[in-house]
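# Here's my sequence, what's the structure:
(one chain, ligands or ions: 1)
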Amino acid sequence: MSCINIAKKAAARAAVDRHVKSGNIIGIGSGSTVVFAVERLAERVSKEALKVKCVPTSFQARQLVIQHNLPLTDLEIHPELDICIDGADEVDSQMNLIKGGGGCLLQEKIVASCSKKLVIIADYTKDSQKLGDQYKKGIPIEVSPIAFVPIQNRIQKLYGGKVELRMAVNKAGPVITDSGNFILDWREFNQDINWNEINTELLLMPGIVDTGLFIQMASISYFGLADGSFKSRECL
Ligand SMILES: O=C(CO)[C@H](O)[C@H](O)COP(=O)(O)O
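Residues are numbered from 1 along each chain as shown. As a prediction, the model looks like this:
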């Protein structure tokens, strides 16, 4: 296993072992690190006869839950969750996050906002001082397809940087999210941005459905290290 995967697995196992209890309704995030969390959850459910129900945050998460024979539910049946376990593209010293590298930011943010606790699992490369220090692919912004050009122009004019439409691999055209929207990736922005203010301003622009900025939402982050150990950071 690569160092990165060893780290992802360590973070995922720590989160599942420390935070999941029988009876929990659990939000299942998206991405490659979450795969290790679902594997560990399935292991605990089978060994300890834990009773849990899972709310997926994406098509990928739903498939993972089904493949591991974990009980599936949704926000209609369980609008309040005990915990959500999810990955991140970057976590800053204040526990603000960039998410949406996998394009699932909207459903991830909805499920996280319904959870008493958002537990982040990530490898050591995601740990940063300031948002934008580590993750060079930019801030993902989910937009209504008809609005992508006006939004691109507006963000570049107001805040600078480059805003690009995320294109699909192996398909001629843009990435379409699980909710039928497009993703813009905003890069090369000024690093001294007040992310809370910018996020609020972006969310007021008609056409922006949500942003990959998760400001003060996470309760604790686990960062897996290359030797299989982990460190954690809690929200103060
Ligand atoms: O936000 C996400 C998907 O929208 C993922 O959680 C994020 O991209 C991290 O992914 P990975 O665990 O593969 O590094």
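# I figured Lys136 hits Arg187, correct?
Yes. The pair Lys136 / Arg187 is scored as a contact, 7.1 Å apart, by CB atoms under 8 Å. Quick note: C-beta positions are derived from backbone N, CA and C, even for glycine.
# residues in this structure within reach of the ligand, list them.
Residues of the chain lying near the ligand by CB under 6 Å from any ligand atom: 29-33, 86-89, 99-105, 108.
# at 8 Å what do you get?
The chain comes close to the ligand at residues 8, 29-34, 57-58, 86-89, 99-105, 108, 121-123, 126, 140, 212, as judged by CB under 8 Å from any ligand atom.
# Next step: the residues you listed restricted to strands.
Among those, the members found in strands (DSSP state E) are Asp86, Ile121, Ala122, Asp123, Pro140.
# if we can go back for a sec, mind listing which of the residues of the chain next to the ligand are in helices?
Those of the residues of the chain next to the ligand mapping onto helices are Lys8, Ser32, Thr33, Val34, Leu105, Glu108, per DSSP state H.
# Throw together a ChimeraX command that grabs the buried residues out of those residues.
Buried subset of these, written as a ChimeraX selection, criterion 16 or more other CB atoms under 10 Å:
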select :8,33,34,105,108
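# Just flag the most distant two among the ones in helices among the residues of the chain next to the ligand.
Using CB to CB, the two most remote members of these are Lys8 and Leu105, lying 19.2 Å apart.
# quick one on the thing from earlier: a markdown table for the ones in strands among the residues of the chain next to the ligand, including neighbour count and pLDDT?
As requested, these are exported to a markdown table (neighbours: other CB atoms under 10 Å; pLDDT from 0 to 100):
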| residue | neighbour count | pLDDT |
| --- | --- | --- |
| Asp86 | 31 | 98 |
| Ile121 | 31 | 98 |
| Ala122 | 26 | 98 |
| Asp123 | 26 | 97 |
| Pro140 | 27 | 97 |
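# ok, so of the residues you listed, who is nearest Glu39?
Relative to Glu39, the closest of those is Ile121; by CB to CB it sits at 12.2 Å.
# Thought Gly87 was touching the closest one, still the case?
Yes. Counting by CB under 8 Å, Ile121 touches Gly87, with 5.8 Å between them.
# Could you name every residue contacting both of those two?
Residues touching both Ile121 and Gly87 by CB atoms under 8 Å, 6 or more residues apart in numbering: Gly29, Thr33, Val34.
# Nearest to Trp195, out of those residues: which one, please.
Out of those, the member with the shortest distance to Trp195 (by CB to CB) is Gly29, at 20.4 Å.
# got the contact list for the residue nearest to that closest one when sequence neighbours are not counted?
Leaving aside its sequence neighbours, Gly29 sits nearest to Asp86 (CB to CB, 6 or more residues apart in numbering; 2.5 Å). Listed by CB under 8 Å, 6+ apart, the contact partners of Asp86 are 27-31, 34, 57, 99, 108, 112, 118-121.
# can you give me the helices in this structure?
3-19, 32-48, 59-67, 105-113, 148-159, 195-203.
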